[in-house]
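K.L.:
Any chance you could fold what I've pasted below:
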Amino acid sequence: MKGLSGSYCFQSINEYKTLLSLYNIGMEEVKGNFDGKPYHRIVYFALDKRGRKKGNPIKSSLIGKKADAEALKKRCKYNSENIRKLKLKGRIKEIVSATLKTAKTRKQFVKELQKKGIDVVFRENKDGRIYGVTFIDHLQRTALNGFRLGKEFSANVLNGQFGQNISQHDFEEKPGSSGDKEELTPGMFSFLTLETQGENYEEESFIRKMKRRLKRKRKL
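P.N.:
The predicted structure follows:
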């Protein structure tokens with residue numbers, strides 16, 4: 001797959017989910033049992049600017065085998081080895097550590113990291129408490145949850161430093177995010193090829209719409 005799952009390193013499906021959210025795409029895992037057999041599926045859907053679902057979900061089977069749960073789990077295992085061998089944590093850890101020492105507010109922290117090619121995505125509860133954080137290095141194409149870098153980059157530490165000074169403006173942009181996001185980038189939807197035809201008109205219509213948006217983006 002030539003999309004994000006093939007070009008970025010991530011070690012969990014949740015890290016991949018966070019990466020997708022930067023491009024207004026959501027995903028959910030669907031797990032359960034049917035006739036005594038466990039199943040694990042993935043569905044994708046569009047997100048609005050506030051990170052809320054819009055439209056109908058799309059089954060991974062409509063996108064391609066590389067978008068399903070089994071393929072993503074294999075990709076996570078492969079990425080884990082690459083991250084270790086290539087020592088991809090080093091650059092992110094060094095930059096985030098230095099920025100934490102100088103940033104006085106969350107907004108400043110986010111902007112300084114973006115200047116260095118790193119997006120940070122916060123996950124918060126309804127009270128604004130940070131319970132998760134993911135750093136996405138676009139230069140190394142790597143997405144890592146904070147705890148993978150060390151305790152000093154965990155959600156608890158960041159909540160202690162920035163949890164109390166989140167402005168209303170931060171919430172208005174997109175809850176749980178770092179702020180301004182691109183909608184699409186070239187190559188983003190190159191994996192959207194239908195394996196099954198005619199299952200759901202709205203699902204197929206959404207995929208065609210995303211492809212058209214990508215083509216317009218490339219012409220700019």
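K.L.:
which SSE is residue 55 in?
P.N.:
strand 53-59 (DSSP states H and E).
K.L.:
Following the chain onward from that strand, which element is next?
P.N.:
helix 60-63.
K.L.:
counting contacts, what elements does the helix or strand harbouring residue 110 pack onto?
P.N.:
Using DSSP H and E, residue 110 falls within helix 106-115. Applying 3 or more CB pairs under 8 Å, 6 or more residues apart in numbering; DSSP states H and E, one finds that helix 106-115 contacts helix 89-102, strand 118-124, helix 168-173. For every residue, glycine as well, the C-beta is placed using N, CA and C.
K.L.:
quick one, which of the ones you listed is packed in tightest?
P.N.:
strand 118-124 (a mean of 22; mean count of other CB atoms under 10 Å).
K.L.:
List the pairing partners of that strand within its sheet, with orientation.
P.N.:
strand 130-137 (antiparallel) (DSSP bridges).
K.L.:
what's the next secondary structure element after the strand it pairs with?
P.N.:
Downstream of strand 130-137 (by DSSP H and E), the next one is strand 142-145.
K.L.:
as a whole number, average confidence for that following strand?
P.N.:
When pLDDT is averaged along strand 142-145, the result is 97.
K.L.:
Identify all contacting residues around that strand.
P.N.:
Here strand 142-145 makes contact (CB atoms under 8 Å, 6 or more residues apart in numbering) with 8-12, 14-16, 18-19, 83, 88-89, 92, 132-137.
K.L.:
Alpha carbons of it, as PDB, please.
P.N.:
This file holds the C-alpha atoms of strand 142-145, laid out as PDB (Å, rounded to 0.1, in the frame of the first residue of the first chain):
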ATOM      1  CA  THR A 142       7.200   7.900  12.400                       C
ATOM      2  CA  ALA A 143       4.300   8.000  14.900                       C
ATOM      3  CA  LEU A 144       5.000   7.200  18.500                       C
ATOM      4  CA  ASN A 145       3.000   7.400  21.700                       C
END
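K.L.:
for this protein, what helix or strand is lowest in average pLDDT?
P.N.:
Every helix and strand of the chain was ranked by mean pLDDT, DSSP states H and E. The lowest is helix 168-173, at a mean of 36.
K.L.:
rewinding a little: so which of the helices and strands packed on helix 106-115 gets nearest residue 37?
P.N.:
strand 118-124 (32.1 Å; CB to CB).
K.L.:
Identify all contacting residues around the closest one.
P.N.:
Taking CB under 8 Å, 6+ apart as the rule, strand 118-124 contacts 18, 21-22, 92, 95-96, 106, 109-110, 113, 130-139, 155, 158, 166, 175-178.
K.L.:
What is the burial count for residue 38?
P.N.:
Neighbourhood size, residue 38 [other CB atoms under 10 Å]: 8.
K.L.:
can you pull the pLDDT of it?
P.N.:
89.
K.L.:
Residue 72 is in contact with residue 65, correct?
P.N.:
No - judged on CB atoms under 8 Å, residue 65 makes no contact with residue 72 at a distance of 10.6 Å.
K.L.:
of those two, who's got more company?
P.N.:
It is residue 72, of residue 65 and residue 72, that has more neighbours when counted by other CB under 10 Å, with 21 against 11.
K.L.:
From residue 22, how far out is that one?
P.N.:
Residue 72 sits 17 Å away from residue 22, going by CB to CB, to the nearest Å.
K.L.:
how near is the residue of the chain positioned farthest from its centre to residue 148?
P.N.:
Most distant from the centre of the chain: residue 35, at 33.1 Å, with distances by CA atoms, centre = their mean. In this view, residue 35 and residue 148 are 38 Å apart by CB to CB.
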